[in-house]
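[1] From the sequence below, what's the structure:
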Amino acid sequence: MAKKIAVALHKGGVGKTTTAKNVAAALALRGKRTLLVDLDEQANLTKGLGVNPLALQATLNDLFADPNRDPTSVLLATMLEGLHLMPGHPNLAKTETGMALQRADPNAPDPIGSLKLLLEPLEGYYDFIVFDTPPSINYMTINALAAADEMLIPAAANAYSEDGLARTWEAYERARNGYNPALKTPRILITRVKHTNASGMVQEGISKTYVDSVMQPIIVESTVVDEAEQLNQPVVLYDPSSPASLGYIKVAEILANE
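    Predicted structure coming up:
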């Protein structure tokens, strides 16, 4: 059975999509069959792997629209052997609205388990399934938390990250106390670390507040990450010896060895 990891934080600009892409790519480089699921209507993960979602015949949104559809029909290969993509699409915004209306109807089935059901036929194909979620705790993110075994929270070492982290932790507790009691305690990966006093203070604050959950690897802010993004590549493939790559590779090593 695949280990399912939701990469989530209630804030944008923290390196969430970059983290999902590179952790998944690092797992694939270790020989782990890995699926990336793009749950964000912006489809930045999909675009960041060189795929135009508007040019695709089918995406994740088509699975939500037709739960009887074969999920393998929307899978795409990537530049890495063993790494597949379930692409996102802007129409996920409409699906999100539909889920909100459905949840408000006491006679309708609860939509928060939709993703879990859609992915069940793929469980035996992969070692890991990694969810890239929107930068908010919406129904797509809640679907990811309902389907996941654990959470990976990328928290940037900059201002306001701690507020987003607190709200994400509250979402975890709601999931654990309600619709997914098996969800493991989140891991926090500190990203975009700079050699400045301000960055150091945020990093220290997060480490003190969530002392048992902060991972030892950190992701250093680096232009090489931006260069890789411009080329639609994971940085672990573009420059595997860079400090940022080594951080993601270490995260994948921890996940793969459990």
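[2] got the contact list for S245?
    With contact set as CB atoms under 8 Å, 6 or more residues apart in numbering, S245 has these partners: 22, 224, 235-236, 238-239. (C-beta placed from N, C-alpha, C; glycine too.)
[3] got the residue ranges for the strands in this protein?
    3-7, 34-38, 76-77, 83-86, 128-132, 150-156, 187-193, 214-220 (DSSP state E).
[4] Format those as a markdown table; extra columns: mean pLDDT and distance to E204.
    Formatted as a markdown table, these follow (pLDDT from 0 to 100; distance: least, CB to CB, whole Å):
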| stretch | mean pLDDT | distance to E204 |
| --- | --- | --- |
| strand 3-7 | 98 | 23 |
| strand 34-38 | 98 | 32 |
| strand 76-77 | 98 | 41 |
| strand 83-86 | 98 | 35 |
| strand 128-132 | 98 | 28 |
| strand 150-156 | 94 | 12 |
| strand 187-193 | 93 | 10 |
| strand 214-220 | 92 | 10 |
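[5] okay if I get these as a markdown table plus distance to P111?
    Listed next are those as a markdown table, based on distance: least, CB to CB, whole Å:
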| stretch | distance to P111 |
| --- | --- |
| strand 3-7 | 17 |
| strand 34-38 | 16 |
| strand 76-77 | 25 |
| strand 83-86 | 18 |
| strand 128-132 | 16 |
| strand 150-156 | 20 |
| strand 187-193 | 27 |
| strand 214-220 | 32 |
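[6] Nearest approach to T46 belongs to which of these?
    Closest of the strands of the chain to T46 is strand 34-38, at 4.8 Å (criterion: CB to CB).
[7] Sheet-wise, list the partners of that closest one with their directions.
    Within its sheet, and counting by DSSP bridges, strand 34-38 is paired with strand 83-86 (parallel), strand 128-132 (parallel).
[8] which one among the contacts of S245 gets closest to D132?
    Nearest to D132 among these, counting by CB to CB, is N22 at 11.1 Å.
[9] so who does the spatially closest residue to the closest one that is not a sequence neighbour touch?
    Leaving aside its sequence neighbours, N22 sits nearest to Y248 (CB to CB, 6 or more residues apart in numbering; 4.1 Å). Residues counted as contacts of Y248 (CB under 8 Å, 6+ apart) are 19, 22-23, 25-26, 217, 219, 235-236.
[10] out of these, who's nearest L39?
    Each of these was scored against L39 by CB to CB, and T19 proved nearest at 14.2 Å.
[11] The closest one contacts L189, correct?
    Yes: counting by CB atoms under 8 Å, T19 touches L189, with 6.4 Å between them.
[12] who's more crowded, the two?
    L189 (28 against 23; other CB atoms under 10 Å).
[13] which residues sit in contact with L56?
    L56 neighbours (CB under 8 Å, 6+ apart): 76, 87, 89.
[14] can you pull up the bridge partners for the first one?
    The reference is to L76. Bridge pairing for L76 - DSSP bridges - gives L85.
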